[in-house]
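# next one to model:
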Amino acid sequence: MALTEDMRPDRILVIDLDGTLIRSDMLFETFWSAFSARWTAPFVVTKSLLNGRAALKHRLNELAQVDPASLPYNDEVLDYIRRWKDEGGRTALVTATNQAIADRVADHIGLFDEVHGSDQSHNLKGPNKATFLEQRFGVGGFEYMGDSTADVPVWQKSGKAITVNAPGALRTRVDAMMNEVEHISAAAPSVRPYFKALRPHQWLKNLLVFLPMLMAHDFTGAMVLRSFLAFLAFSLVASSVYVLNDLLDLAADRAHPRKRFRPFASGSLPIANGTWLAPLLLLGGFGLALLLGPSFMLVMAVYYVTTTAYSLYLKRQLVIDICTLAVLYALRIIAGGAATGIELSVWLLAFSVFFFFSLAAVKRQAELVDSASRGKASADGRGYQTSDLPLISTMAAAAGYVSVLVMALYVNSSSVTALYTSPTYLWGICLVLLYWISRIVMITHRGAMHDDPVVFAVKDRVSQICLVIIFLISATGAMS
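The predicted structure is shown next:
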């Protein structure tokens, strides 16, 4: 877009920060940054909120550590500002965000002649901002770039209104009240970022709730229905946790070459929307869990508490994080048993612990390999150094091989004969697992592993073939 005669250098260009210069909101950015660093932060800032939003923003600024360089900036707005500056125009960043944060953002961008933000007692938003700008530049003495209905009083005092990614109704309203209007729009609103934030591909892990039913060979309608409801409940609660985890991991995700494209990290999905999406999904999941009885509800509660503790603290703790991931996998199987009333065997639980410990270690191995390839000394947001890589690789392989040993002992146990007419065939599963685990560890060692081995396995043709072979072996052993 070229500059027009409307872009008069005698009028200063005033730019809002939240939703305009950045595709995010600093109130929520600082809240989640503070929450990530200190799980008690929500309780600490609640007291500040009693003194107003300005006091809240000031307190959050003290607790948060947001890097201005990592924020999702709006490239169209930045280009507009640069063109304005090239024509000799003056610019000002005027925002309801705390002054200290506004200063850091302005220093990083390097395009503003003036910077004005909220202080501990004065919230520079809506009518307050309009009054401030009128007093400083006069009515019509500035052009204002904003994005929300809170900016309407400001536009009314401006010489020209510039909207950024504003909804249709707001654009119509601004067109009706202003003589000079310009609209800057990015991509049309889409539900795709919401769907992506739920991480539906991760729901594959929740298929583990069907395992107790499959291992017991009980395929009655009631068992299938209860297992399916357990799957849905787990998927909703898990997605709630994924949203929470993404909000807490904003800084680490933005520093990652692939995770920076996640909806919240990239700014394609507002952080404010994630703040209500997480509890909504949680309520939906526990609403379904009510249909499956108190035992299932208890397992779901343990899962949610454990995975939330993992997101807030445990994922940064050496080895404990791997053990926690293994437990979270096993809880899905326990949930399947609780939903259906099927008693879980010791063999299944023992196999699960070692097998999923192996997968969790592979996940950390993949992260360390990636960090090493980028010349980093440690994995972002984790408690590991790249020098730990040989030991983590050994842990992944060793735990996987122990799970195969447990499988071999199960095949040789007396309890197998009650379910399989020809249990000897099950030895083939041990060989397939031995091969698959060795291959996964080797692929990860070479840097070709997806961040999550489960997702990798679903897309990997060899892993798909191994799964089919295991299914055929189990069916043959049961029917022969």
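
# go through whatever helix or strand Ala338 lives in and flag the buried ones.
In the assignment (DSSP states H and E), Ala338 maps to helix 320-340. Neighbour-count burial for helix 320-340 flags 321-340 (criterion: 16 or more other Cβ atoms under 10 Å). All C-beta atoms are positioned from the backbone trio N, CA, C, and that covers glycine.

# average pLDDT for it?
On average, the pLDDT along helix 320-340 is 90.

# helix 320-340 and the helix or strand that that helix is followed by, what's the angle between them?
Following helix 320-340 in sequence order, the next helix or strand is helix 346-373 (DSSP H and E). Interaxial angle of helix 346-373 relative to helix 320-340 (axes from the mean of the first three to the mean of the last three Cα atoms, to 10 degrees): 140 degrees.

# in the helix or strand following helix 346-373, what counts as buried?
Proceeding N to C from helix 346-373, the next assigned helix or strand is helix 389-411, under DSSP H and E. Within helix 389-411, the residues scored as buried using 16+ other Cβ under 10 Å are 389, 392-393, 395-397, 399-404, 406-408, 410-411.

# likewise for stretch 304-313?
304, 306-308, 310-312.

# which other residues reach that stretch?
For stretch 304-313, the external contacting residues (Cβ atoms under 8 Å, 6 or more residues apart in numbering) are 35-36, 39, 237-238, 240-241, 244-245, 248-249, 282, 321, 324-325, 327-328, 331.

# and stretch 399-415, by the same measure?
With Cβ under 8 Å, 6+ apart, stretch 399-415 has contacts from 345, 347, 350-351, 354-355, 357-358, 361, 416, 423-424, 426-427, 429-430, 433-434, 437-438, 440-441.

# what mean pLDDT does that stretch have?
For stretch 399-415, mean pLDDT is 85.

# okay, it in CSV with CA atoms only?
Output of stretch 399-415 as CSV, limited to C-alpha atoms (Å, rounded to 0.1, in the frame of the first residue of the first chain):
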residue,chain,number,x,y,z
ALA,A,399,12.7,-49.0,29.4
GLY,A,400,11.4,-50.1,26.0
TYR,A,401,13.3,-53.4,26.3
VAL,A,402,12.0,-54.0,29.8
SER,A,403,8.5,-53.6,28.5
VAL,A,404,9.2,-56.3,25.9
LEU,A,405,10.4,-58.5,28.7
VAL,A,406,7.2,-57.9,30.6
MET,A,407,5.3,-58.8,27.5
ALA,A,408,7.3,-62.1,27.2
LEU,A,409,6.6,-63.0,30.8
TYR,A,410,2.9,-62.3,30.2
VAL,A,411,2.9,-64.6,27.2
ASN,A,412,4.4,-67.3,29.3
SER,A,413,1.9,-66.9,32.2
SER,A,414,-1.0,-69.1,33.0
SER,A,415,-3.5,-66.2,32.8
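
# thinking again about what came up before, of the buried residues of stretch 304-313, closest to His256?
Nearest to His256 among the buried residues of stretch 304-313 is Ser311, at 16.1 Å by Cβ to Cβ.

# can you tell me how far the closest one is from Val44?
Using Cβ to Cβ, to the nearest Å, we find Ser311 at a distance of 19 Å from Val44.

# do the same with Gly284
For Gly284 relative to Val44 (Cβ to Cβ), the value is 29 Å.

# do Thr163 as well
From Thr163 to Val44 the distance is 36 Å (Cβ to Cβ).

# okay, the two: which has more neighbours?
Shown here are Thr163 and Val44; by other Cβ atoms under 10 Å, Thr163 has more neighbours (25 against 15).

# so which residues make contact with the host helix or strand of that one?
Here Thr163 sits within strand 160-164, counting by DSSP H and E. With Cβ under 8 Å, 6+ apart as the test, strand 160-164 has contacts from 6, 11, 19-20, 74, 76-77, 80, 143-147, 155, 170-171, 174, 178, 180-185.
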